[in-house]
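S.K.: any chance you could fold what I've pasted below:
(one chain, ligands or ions: 1)
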Amino acid sequence: MADLQHQIILVTGATSGIGEVTARELARQGAHVIILARNRQKAERTQRELIATTGNQRVDIVLADLSVMQQVRDVAAQLHDKYPRLDVLVNNAGLMFGAERQLSVDGYEMTLATNHLGPFLLTSLLLDLLQKSPAARIVNVASMAYRFSKPTLSDLQSEQYYNPMWEYGNTKLWNIMFTQELAQRLRAHGITNVTTNALHPGAVATGYGQQSGGWLSAVLALGRPFMLSPEKGAETSIFLASDEKVGAVSGGYFSKKKPEPVKSSFNTPANNKRLWEISEALTDTKFLD
Ligand SMILES: NC(=O)c1ccc[n+]([C@@H]2O[C@H](COP(=O)([O-])OP(=O)(O)OC[C@H]3O[C@@H](n4cnc5c(N)ncnc54)[C@H](OP(=O)(O)O)[C@@H]3O)[C@@H](O)[C@H]2O)c1
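M.R.: Okay, here's the model as predicted:
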């Protein structure tokens, strides 16, 4: 078990599933853990449980709905006020939406806003805090669902065609492409103390898929007994957040704690760069240019 006494770690979506276990196990290893959640009651319950089960009192809460860009900006400002640096950012929050295309308060397709644009903006706004760490890590929870996607950068908002599974798969491909482009830009800027990696946690029995409703929720519920426990599902996130073996690795995609090739013909350096530029425009931010 790593000694994380000197680490300040932010985990998004830590009120359930993989994120909750990730936050709990990192707290158990001594880290000062900050839970980013959108629901105060759930966040406070999780905070109490984490403190009770780990004995670590250093579990804080910050509140933000990642699909709302102003809330991401506000929470980043709070984090700057409260903490001298960040050692690890785990962009874990994410979900699949239902059969009907929904829009965020900023007018973006909800899966895109929650799974990609919010984490993109959060990472951009927290990069300076991460750079204050001697060795910082950004861990992006993607999914092998990237292989069940229909990626296009000309209809990122799925205005012409919306399918919840493909939309989810697209955003998980964006998570991987963002990770690769971020790693490349960090290197190009000579930033050697911040690494970033993406991962697939496995098929894990969590709250995942419940929001999507309909037949998909029913299928996922049927498959639940055959899925990994959240404890098993969090292993690769925890590994990438804390294991010294991957301290210097950046731009990778991991599954079962091992690097894996990304099998998507859409995953080209040109598309990674274009996705970055579009994401900057949509979130009204610029970083590592
Ligand atoms: N479970 C799987 O089989 C599987 C497989 C591959 C990848 N993943 C990925 O693993 C990650 C964690 O998912 P999970 O399976 O643990 O699902 P989960 O149990 O549904 O947890 C999702 C977490 O994200 C939070 N969240 C959702 N939307 C948010 C928003 N707009 N702002 C802030 N927080 C938000 C949720 O908060 P609330 O409690 O408020 O809803 C919850 O804490 C996701 O990125 C998912 O894509 C999961």
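
S.K.: for the rest of this, base every contact and every neighbour count on C-alpha atoms.
M.R.: OK.

S.K.: measure the closest residue in space to residue 69 that isn't next to it in sequence to residue 180 for me?
M.R.: Distances taken as C-alpha to C-alpha, 6 or more residues apart in numbering place residue 118 nearest to residue 69, at 6.4 Å, with adjacent residues excluded. Note on residue 118: its distance to residue 180, by C-alpha to C-alpha, to the nearest Å, is 18 Å.

S.K.: with residue 82 instead?
M.R.: 30 Å.

S.K.: counting neighbours, go ahead and name the busier of the two.
M.R.: Between residue 82 and residue 180, counted using other C-alpha atoms under 10 Å, the more crowded position is residue 180 (24 against 9).

S.K.: what helix or strand does residue 107 sit in?
M.R.: Secondary structure assignment for residue 107, by DSSP states H and E: no helix or strand.

S.K.: can you give me the pLDDT of it?
M.R.: Looking at residue 107, its pLDDT is 98.

S.K.: which parts of the stretch 1-150 of the chain are helices?
M.R.: In the stretch 1-150 of the chain, the segments counted as helices under DSSP state H, counting those that start in this stretch are 17-28, 40-54, 69-82, 110-112, 118-131.

S.K.: using JSON lines, lay out those together with mean pLDDT.
M.R.: Below are these laid out as JSON lines (pLDDT from 0 to 100):
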{"stretch": "helix 17-28", "mean pLDDT": "98"}
{"stretch": "helix 40-54", "mean pLDDT": "98"}
{"stretch": "helix 69-82", "mean pLDDT": "98"}
{"stretch": "helix 110-112", "mean pLDDT": "98"}
{"stretch": "helix 118-131", "mean pLDDT": "98"}
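
S.K.: now render those helices as TSV, adding distance to the ligand.
M.R.: Output for the helices of the stretch 1-150 of the chain, formatted as TSV (distance: least, C-alpha to the nearest ligand atom, whole Å):
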stretch	distance to the ligand
helix 17-28	3
helix 40-54	6
helix 69-82	9
helix 110-112	8
helix 118-131	8
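
S.K.: same list (those) but as TSV, adding distance to residue 156.
M.R.: As requested, the helices of the stretch 1-150 of the chain are arranged in TSV below (distance: least, C-alpha to C-alpha, whole Å):
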stretch	distance to residue 156
helix 17-28	26
helix 40-54	31
helix 69-82	17
helix 110-112	8
helix 118-131	15
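
S.K.: closest to residue 241 out of those?
M.R.: Closest approach to residue 241 among those (C-alpha to C-alpha): helix 17-28, 8.5 Å.

S.K.: contact partners of that closest one?
M.R.: Applying C-alpha atoms under 8 Å, 6 or more residues apart in numbering, the contact partners of helix 17-28 are 4, 11-14, 33, 35, 46, 50, 54-56, 58-59, 92-93, 204-208, 230-231, 233-235, 237-238.

S.K.: which of the residues you listed are buried, as a PyMOL select command?
M.R.: Buried residues among the contacts of helix 17-28 (16 or more other C-alpha atoms under 10 Å), as a PyMOL selection:
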select buried, resi 4+11+12+13+14+33+35+46+50+56+59+92+93+204+205+206+208+230+231+233+234+235+237+238
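
S.K.: how about the residues of the protein near the ligand?
M.R.: 13-19, 37-39, 64-67, 92-95, 114, 141-143, 200-208 (C-alpha under 6 Å from any ligand atom).

S.K.: can you tell me which of those are classed as buried?
M.R.: 13-19, 37-38, 64-67, 92-95, 114, 141-143, 200-206, 208.

S.K.: those residues in strands, which ones?
M.R.: Among those, the members found in strands (DSSP state E) are 37, 141, 200.

S.K.: nearest spatial neighbour of the last one, chain-adjacent residues omitted?
M.R.: Residue nearest to residue 200 in three dimensions, not counting chain neighbours: residue 143, with 4.3 Å by C-alpha to C-alpha, 6+ apart.

S.K.: got phi/psi on that neighbour?
M.R.: phi -170, psi 150 (degrees, to the nearest 10).

S.K.: hang on, it packs against residue 204?
M.R.: No. In this structure, residue 143 is not within contact of residue 204 by C-alpha atoms under 8 Å, at 10.9 Å.

S.K.: okay, residue 1: pLDDT?
M.R.: Residue 1 is assigned 68 on the pLDDT scale.

S.K.: separation between the spatially closest residue to residue 95 that is not a sequence neighbour and residue 65?
M.R.: Closest residue in space to residue 95, ignoring its immediate chain neighbours: residue 208 at 6.3 Å, by C-alpha to C-alpha, 6+ apart. Plainly put, residue 208 is 17 Å away from residue 65 if you go by C-alpha to C-alpha.
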